[in-house]
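A.B. asks: One predicted model, sequence on top.
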Amino acid sequence: MPQPVFDKNRSKVKLVFMLKSGNNHLKYVSATGKLYNPVKYNYTNLNKYDKFNIAEKMLKSSTIKNSQEYKNSNCILFYDTLTNHQFYKVNL
């Protein structure tokens, strides 16, 4: 069975878009109706790098830069998925 391109259980880094006010239409909706900021996980083939290099590679990715979430964010937060601690912040 092929390995997934990104997998929240195997990725090292989680990227969270902190959206500007008035962009609730871009937020994720839980089963209970609660809104959450959009999240992306790194490609699993990047796990060989340290988390700071992964964050930089994610920021340079055209998939991220061209997304509506990126264009409507105040900042981007990066978290270590093992510890769930923020290690990097980028103000936009």
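C.D. replies: Looks like it came in fine. Residues are numbered from 1 along each chain as shown.
A.B. asks: and the closest residue to K8 other than its chain neighbours, bridged to which residues?
C.D. replies: In space, and not counting its chain neighbours, K8 is closest to Y41: 5.0 Å by C-beta to C-beta, 6 or more residues apart in numbering. For glycine as for every other residue, the C-beta is placed from the backbone atoms N, C-alpha and C. Note on Y41: beta-bridge partners by DSSP bridges are K14.
A.B. asks: repeat for S73
C.D. replies: Counting by DSSP bridges, the residues bridging with S73 are L19.
A.B. asks: Check the one 5 residues further on too.
C.D. replies: Following DSSP bridges, F78 is listed with bridge partners L15, Y88.
A.B. asks: Please name the residues that touch it.
C.D. replies: By C-beta atoms under 8 Å, 6 or more residues apart in numbering, F78 lies in contact with V13, K14, L15, V16, K51, A55, M58, Q86, F87, Y88, K89, V90.
A.B. asks: Pull up the per-residue confidence for the residue nearest to K8.
C.D. replies: Predicted confidence (pLDDT) for Y41: 95.
A.B. asks: what sits against it?
C.D. replies: By C-beta under 8 Å, 6+ apart, the contact list for Y41 reads F6, D7, K8, S11, V13, K14, L15, T81.
A.B. asks: Counting neighbours, what do you get for the closest residue to the last one other than its chain neighbours?
C.D. replies: Across the structure, with C-beta to C-beta, 6+ apart as the measure, the residue nearest T81 apart from its sequence neighbours is K14 (5.3 Å). As a burial measure, the neighbour count of K14 was computed by other C-beta atoms under 10 Å and equals 18.
A.B. asks: That concludes my questions; thank you for your assistance.
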